[in-house]
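>>> Test case, fold it:
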Amino acid sequence: MAAQKAFRKFPAGAQERMLQALDLAAEGRMAGIAKPMKGLGSGIFEIALRHQTDAYRVVYAVQLADDIWVLHAFQKKATRSIATPKGEINLIKSRITRLTEMLK
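Predicted structure coming up:
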């Protein structure tokens, strides 16, 4: 999966913190670095992590079937805006649509 491939490129420390946040999500809890992602429907969350001088994001869904699905992982490049870039949002939306179709 593309999200997994991108996640593996994150620095080890960033991967570890994000995996801890995903473990909490699997337990039905939310890590302090996770928040609902606005505009994508309920059950879609973003883990936002600053690691050293970079920013990393993992977007996951918890309300599709009984599993947590990592939809997207990326390094945020923009330094001026806190908003997720439109291209990343469009990719996440397309992955939500494909996953929803697959789970029907």
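>>> Pairing partners for the lowest-mean-pLDDT helix or strand in the chain, with directions?
The weakest-scoring helix or strand in the chain, judged by mean pLDDT, DSSP states H and E, is strand 54-64 (a mean of 87). Paired strands of strand 54-64, with direction, are strand 44-51 (antiparallel), strand 67-76 (antiparallel) (DSSP bridges).
>>> Kindly reformat these as CSV containing distance to residue 10, mean neighbour count and mean pLDDT.
Placement of C-beta: from N, CA and C, glycine included. Shown next, in CSV, are those (distance: least, Cβ to Cβ, whole Å; neighbours: other Cβ atoms under 10 Å; pLDDT from 0 to 100):
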stretch, distance to residue 10, mean neighbour count, mean pLDDT
strand 44-51, 8, 19, 94
strand 67-76, 7, 19, 92
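>>> Would you mind giving these as TSV with distance to residue 7 added?
As requested, the strands paired with strand 54-64 are exported to TSV (distance: least, Cβ to Cβ, whole Å):
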stretch	distance to residue 7
strand 44-51	11
strand 67-76	4
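>>> Of the ones you listed, give the one that comes closest to residue 86.
In terms of Cβ to Cβ, the element of the strands paired with strand 54-64 nearest to residue 86 is strand 67-76, at 13.0 Å.
>>> Fine by me, we can end here.
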